[in-house]
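1. structure of the sequence below:
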Amino acid sequence: MLNGGGIKIFTGSSHPELAEIIARRIGLPVAKADVSQSGIGETNVRIAESVREHDVYIINTGSGAVNTALMELVIMIHACKIASARRITAVIPMFPYARQDKKDKSRAPITAKLVANMIQKAGCDHVITMDLHASQIQGFFDVPVDKLYAEPSAILYIRTHFQVDDVVIVSPDAGGAKRVTSIADRLGTDFALFHKERKKANEVSRMVLVGHVKGKTAILVDDMADTCGTLCLAANQLVQAGATKVFAFVTHGVLSGNALQAVMDSELEKLIVTNTLPQKANQAACSKIEVIDIGVVLGEVIRRSHYGESVSKLFHEVPY
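-> As a prediction, the model looks like this:
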């Protein structure tokens, strides 16, 4: 436990529940800050505690009103910087605009790079995030970035809830092949993947299964579930291919539009998501949603970062 002398944890409005979990893990209360919106939508921030020469961690995630959350984060960083904080770390469980990481068509912006510039320019010294949609976003920063993985939490869940011999790990697209092969290797199970063709963004026209799933429990693994169209289509095709049951494990449960209804109507037994984003409302609306807490992982990273310890151990195992 920390004595509270050198660290302060602040949170914006995007995910205060996660900030409470992280703070409990460290043994400190969440520090006081007043964050509000004016009548014309401007973000107002007042840091209500001294941060002079403190190690400050500001927790805000890319959920809900993403632009509001982002402005809260950079304004809080700036407020702490000019209040003489010793070091400022942005804890961003889900990085906003992570899907806009490259110029994929003419005159398209690279918004993830712009966001990285904003965070650095505000005065951030260090970034902690989880399962970046595009790993190259780490290179958009000139400050250290600790990218954590939900993979250890997924492996622990699978080992404690399934007969590993009966499991096959499945990627819903070819881009996730590295992720599923890593999990399958550590579990000693088989893996499969889908090759998908898109007519346009968020709309899959055709999916082809590569691998064998007959008589197995198939577990789809992905970094993000937005509309859930791909996951639900993959689940239905896995059942047609002979899988006995289909589950899905996703790090960031965005679950926008009619995603919850799509999950309810699909062949998925459960959609397991982490709490990088708030999930209480989604759980209340959909009985198939199960949430894994990654607050303990983020709390342990903050503790290790504060004391100058290595965090690489947490890439492979869940802290106790």
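2. outside of stretch 144-154, which residues touch it?
-> 125-132, 135, 137-138, 179, 182-183, 221, 223, 249, 251, 272, 274, 292, 294, 297-298, 301, 305, 311, 314-318 (Cβ atoms under 8 Å, 6 or more residues apart in numbering). Glycine gets a C-beta too; all of them are placed from N, C-alpha and C.
3. tell me how the chain divides into domains.
-> 7-149+295-315, 151-292 (automatic domain parsing).
4. now do the longest one: distance to the chain's middle.
-> Going back to what we said before, that points to domain 7-149+295-315. Here domain 7-149+295-315 is found 13 Å from its chain centre; the criterion is Cα atoms, centre = their mean, to the nearest Å.
5. end-to-end on that domain?
-> This stretch, domain 7-149+295-315, spans 24 Å end to end (Cα to Cα, to the nearest Å).
6. on that earlier part again, can you list the domains of the chain in CSV and add mean neighbour count and mean pLDDT?
-> Converted to CSV, the domains of the chain look like this (neighbours: other Cβ atoms under 10 Å; pLDDT from 0 to 100):
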stretch, mean neighbour count, mean pLDDT
domain 7-149+295-315, 18, 95
domain 151-292, 18, 92
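7. output the longest helix belonging to this protein.
-> Using DSSP state H, we find that the single longest helix of the chain is helix 66-82.
8. quick one: the helices in the stretch 201-320 of the chain?
-> Ranges of helices in the stretch 201-320 of the chain, per DSSP state H, counting those that start in this stretch, are 229-240, 259-265, 280-285, 295-307.
9. how about those in a markdown table, adding distance to Ala90?
-> Output for the helices of the stretch 201-320 of the chain, formatted as a markdown table (distance: least, Cβ to Cβ, whole Å):
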| stretch | distance to Ala90 |
| --- | --- |
| helix 229-240 | 29 |
| helix 259-265 | 27 |
| helix 280-285 | 24 |
| helix 295-307 | 12 |
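10. closest one to Lys121 among those helices?
-> If you check each of the helices of the stretch 201-320 of the chain against Lys121 by Cβ to Cβ, helix 295-307 wins as the nearest, at 21.6 Å.
11. who are the packing partners of the closest one?
-> Under the contact definition 3 or more Cβ pairs under 8 Å, 6 or more residues apart in numbering; DSSP states H and E, helix 295-307 sits against strand 7-11, helix 16-26, strand 55-59, strand 87-92, strand 126-130, strand 145-148.
12. neighbouring contacts of the first one?
-> The set of residues that contact strand 7-11 without belonging to it, under Cβ under 8 Å, 6+ apart, is 18-19, 22-23, 26, 28, 30-31, 33, 47, 49, 51, 54-60, 76, 80, 85, 302, 306.
13. try 7 Å this time
-> 19, 22-23, 28, 30-31, 33, 49, 51, 54-60, 76, 306 (Cβ atoms under 7 Å, 6 or more residues apart in numbering).
14. what separation do you get for Ala225 and Gln283?
-> Counting by Cβ to Cβ, to the nearest Å, the gap from Ala225 to Gln283 is 14 Å.
15. likewise for Ser153?
-> To Gln283, Ser153 is 17 Å away according to Cβ to Cβ.
16. and what of Ala154?
-> Using Cβ to Cβ, Ala154 is found at 19 Å from Gln283.
17. got the contact list for Val51?
-> For Val51, the contact set (Cβ under 7 Å, 6+ apart) comprises 8, 80, 83, 85.
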